[in-house]
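Engineer: got a predicted structure plus its sequence, pasted below:
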Amino acid sequence: MIIFKKVRAKNFLSIGNQYLEYDLNKDHLTIIKGINSSGKTSVLDCITFALYKKAYRSINLPQLVNNINKKDCVAEIEFSIGETEWMVRRGLSPNIFEIHKNGKMLDQHSSAIEQQKWLEENVLKMSYKTFVQIVILGTSSFIPFMQLVPADRREVIEDLLDIKLFSSMNLLVKEKIKEMKDSVKILNLQKDSCEDKIQMQRNFIENLEQRSRNDIQEKSDTITQLFASVESIQTENGVINTQIQELQTKLEELTDVSDKLKVLMSDKTKLTIQAQNLKETFKFFKDNDTCPTCSQHIEAEFKKEKQKETKKEMSGLKKTYDNLLESIESETQRQNRFREVSSEVTDLNQKISYNNYHIQQRQNQIKELHKQIKKITDAINIKNDEHQKMDEYLKNLDEIKTGVAEIKDEIYNHEYVQLLLKDSGVKSRIIEKYLKIINSQITKYLNLLELYVNFTLDSEFNEQIMTPTFENFSYGNFSEGQKRRVDLALLFTWRYISSLKNSANTNLLICDEILDGSLDEMGHFAFLKIIKDEMKNSNVFVISHRDGIEHRFDKVISIEKKGNFTVKTEN
């Protein structure tokens, strides 16, 4: 049984930099009162955050950090299980996750996820879904048992009845069966391979001498053909080399073409500049009567003489330029020829490389054929060794068959165990054993809550409801007040079952605004009577802003905000 003792937090939601602490194991009935947004429900978020790293309400983790201090958000919860004292400390900004056992912090796992899994499976022994079904009943993020999907309902029941171990065992057995079946597949492949080897060895021995000489002859003929092919390719390479030498001679005659073109192109550039200068000179004497530099008048005769001289120079320069273009054209043709010849040489060299590759291929084939001929010859000479190999293959085959038979026997045994561990096996028997008790308790608490219907759960945890006026009723047909009574009856039932199994049994029950919702006055009275009379060994906290009921509780905790932070007072 888990005895929750204290929970405290700072910089958590609206709680400030000083720890706000609740004693969870002091009084039987406690009411927590406060107006909306005062922070009275934060105790739920604090507990679930410390234990499961999630807020009870739909609040993202970063939003749990107090938005004024914005750091050092810490929640701690103390509880005991038997003689062992536990404390879990969890924080944000910075991240903290510590588990303390009897005052000593345990070594932390390398992964926070693995550490959380260890806490739930080995200490709390219940998941978050189960925790909120037996410890918390609320109106915000609480999902009633009847609104859970079938898989989640089964998970809660398995936690309560402490039979989740069978599911874990079933997974292990299933994995083991898979491993053994994989081993059988591998052995069968080995068996097939061994049988193939035996057949091949038998054929090899029977046909060795008969086909060995034929093989040797065929391979020798192939070698002769390959030698002839190599010789033919080498002859072709000789012809190509002669062609390359002839082309190299032509290339030597054309090697100066690039330098000549560079000189000619340079001369072309110079002539172009000279022509441009002459044009500008001509234009100057044509268009100007006054020198722009010295401002002197230019005589008409002088202008005419200068234009005549310039035209003459331009005419001579054009002849030189035309001759230069002819030279450039000639050298360009020589350059193109140089490229053509170079391309021919490259193609011929590639052809030689291609031929050499094929020569190498054929030489490798010849080496491989010689090796094969030697192997065949040696095999003829060691026929007794081949019989010995056959005996080894047969022995190996017998060992493989024996291994397959043994593993199949193990698979049969494990499949029988798996059948027992399935939902329809041992777990179903255990659930059926407790189903009568569960339905009896549901009826008891529904009667105490003054809802007089025949409400039962089947082995798949689907409801069967009969009322005095209706048959084949369902949970969805109830009014909100009736649904709340069913939810309460199931909560009390799960707590009763957990006390029998001592698996998810705990001293703590927190009800968030149950008295402020859909329950009528009769429902309020019945609920308060149950938690007072039927849950004497539990510490029940009721969160409410309802007035006039404080006298029904052993302690009244008032929650309010002073400034921007939540504070509490106890009466």
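Structural biologist: Right, received. Where do you want to start? Residues are numbered from 1 along each chain as shown.

Engineer: what sits against residue 506?
Structural biologist: Residue 506 sits next to 1, 2, 3, 4, 134, 135, 498 when contact means CB atoms under 8 Å, 6 or more residues apart in numbering. For every residue, glycine as well, the C-beta is placed using N, CA and C.

Engineer: should've said residue 329
Structural biologist: For residue 329, the set of contacting residues under the criterion of CB under 8 Å, 6+ apart is empty.

Engineer: helix or strand: which one has it?
Structural biologist: Residue 329 is part of helix 300-381 when elements are defined by DSSP states H and E.

Engineer: give me the neighbour count for residue 548.
Structural biologist: Per other CB atoms under 10 Å, the neighbour tally for residue 548 reads 6.

Engineer: hmm, back to that, let me see the mean pLDDT of the helix holding residue 329.
Structural biologist: Average pLDDT, helix 300-381: 85.

Engineer: residues of whichever helix or strand comes after that helix that come out buried?
Structural biologist: Remark: after helix 300-381, the chain's next helix or strand is helix 383-421, criterion DSSP H and E. By neighbour count with 16 or more other CB atoms under 10 Å, helix 383-421 contains the buried residues 390, 393, 396, 397, 400, 403, 404, 407, 411, 414, 418, 421.

Engineer: okay, those residues in a markdown table with pLDDT and distance to residue 229 next?
Structural biologist: As requested, these are arranged in a markdown table below (pLDDT from 0 to 100; distance: CB to CB, whole Å):
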| residue | pLDDT | distance to residue 229 |
| --- | --- | --- |
| 390 | 83 | 40 |
| 393 | 87 | 40 |
| 396 | 91 | 44 |
| 397 | 89 | 45 |
| 400 | 91 | 47 |
| 403 | 90 | 52 |
| 404 | 90 | 52 |
| 407 | 90 | 55 |
| 411 | 88 | 59 |
| 414 | 86 | 63 |
| 418 | 81 | 66 |
| 421 | 77 | 71 |
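
Engineer: what's the closest of those residues to residue 341?
Structural biologist: Using CB to CB, residue 393 is the member of the buried residues of helix 383-421 that sits closest to residue 341, with 66.2 Å.

Engineer: domains for this structure, by residue range?
Structural biologist: Dividing the chain into domains by automatic domain parsing, as the record does, gives the ranges 2-125+504-570, 151-158+423-498, 189-390.

Engineer: what about the shortest one, start to end distance?
Structural biologist: One end of domain 151-158+423-498 to the other measures 19 Å (CA to CA, to the nearest Å).

Engineer: just the strands in the protein please.
Structural biologist: In the chain, the segments counted as strands under DSSP state E are 2-10, 20-23, 29-33, 73-81, 84-92, 96-101, 104-105, 136-137, 454-457, 463-466, 508-512, 539-544, 555-562, 565-570.

Engineer: closest to residue 124 out of those strands?
Structural biologist: Distances from residue 124 to each of these were compared by CB to CB, and the smallest falls on strand 2-10, at 7.1 Å.

Engineer: buried ones in the closest one?
Structural biologist: Within strand 2-10, the residues that qualify as buried are 2, 3, 4, 5, 7, 8, 9, 10, counting by 16+ other CB under 10 Å.

Engineer: can I get that strand in PDB, CA atoms only?
Structural biologist: Only the C-alpha atoms of strand 2-10 are listed here, as PDB (Å, rounded to 0.1, in the frame of the first residue of the first chain):
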ATOM      1  CA  ILE A   2       1.200   3.500  -0.900                       C
ATOM      2  CA  ILE A   3       0.900   6.000   1.900                       C
ATOM      3  CA  PHE A   4       1.200   9.500   0.400                       C
ATOM      4  CA  LYS A   5       2.500  11.800   3.100                       C
ATOM      5  CA  LYS A   6       3.400  15.200   1.800                       C
ATOM      6  CA  VAL A   7       3.500  17.200  -1.400                       C
ATOM      7  CA  ARG A   8       5.200  20.600  -1.900                       C
ATOM      8  CA  ALA A   9       6.000  22.900  -4.700                       C
ATOM      9  CA  LYS A  10       7.600  26.300  -5.500                       C
END
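
Engineer: helices or strands up against that strand?
Structural biologist: Contacting strand 2-10 under the criterion 3 or more CB pairs under 8 Å, 6 or more residues apart in numbering; DSSP states H and E are the following elements: strand 20-23, helix 42-52, strand 73-81.

Engineer: how about the ones you listed in JSON lines, adding distance to residue 176?
Structural biologist: Converted to JSON lines, the helices and strands packed on strand 2-10 look like this (distance: least, CB to CB, whole Å):
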{"stretch": "strand 20-23", "distance to residue 176": "47"}
{"stretch": "helix 42-52", "distance to residue 176": "31"}
{"stretch": "strand 73-81", "distance to residue 176": "31"}
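
Engineer: can you list these in CSV and add mean neighbour count, mean pLDDT and distance to residue 368?
Structural biologist: Putting those into CSV (neighbours: other CB atoms under 10 Å; pLDDT from 0 to 100; distance: least, CB to CB, whole Å) gives the following:
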stretch, mean neighbour count, mean pLDDT, distance to residue 368
strand 20-23, 18, 95, 86
helix 42-52, 24, 94, 69
strand 73-81, 21, 96, 75
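
Engineer: for these, which one sits closest to residue 355?
Structural biologist: Distances from residue 355 to each of those were compared using CB to CB; the shortest belongs to helix 42-52, at 76.7 Å.

Engineer: mind listing residues that contact that closest one?
Structural biologist: Residues from elsewhere that reach helix 42-52 (CB under 8 Å, 6+ apart): 4, 7-9, 12-15, 22, 32, 54-57, 59, 64, 75-77, 88-90, 116, 119-120, 124, 128, 131-132, 136, 138, 510, 512, 541, 543, 566.

Engineer: likewise for stretch 430-442?
Structural biologist: So stretch 430-442 is in contact with 157, 161, 163, 455-459, 489-490, 492-493, 496-497, 500, going by CB under 8 Å, 6+ apart.

Engineer: out of these, which is nearest to residue 284?
Structural biologist: Checking the contacts of stretch 430-442 against residue 284 with CB to CB, the nearest one is residue 157 at 110.2 Å.
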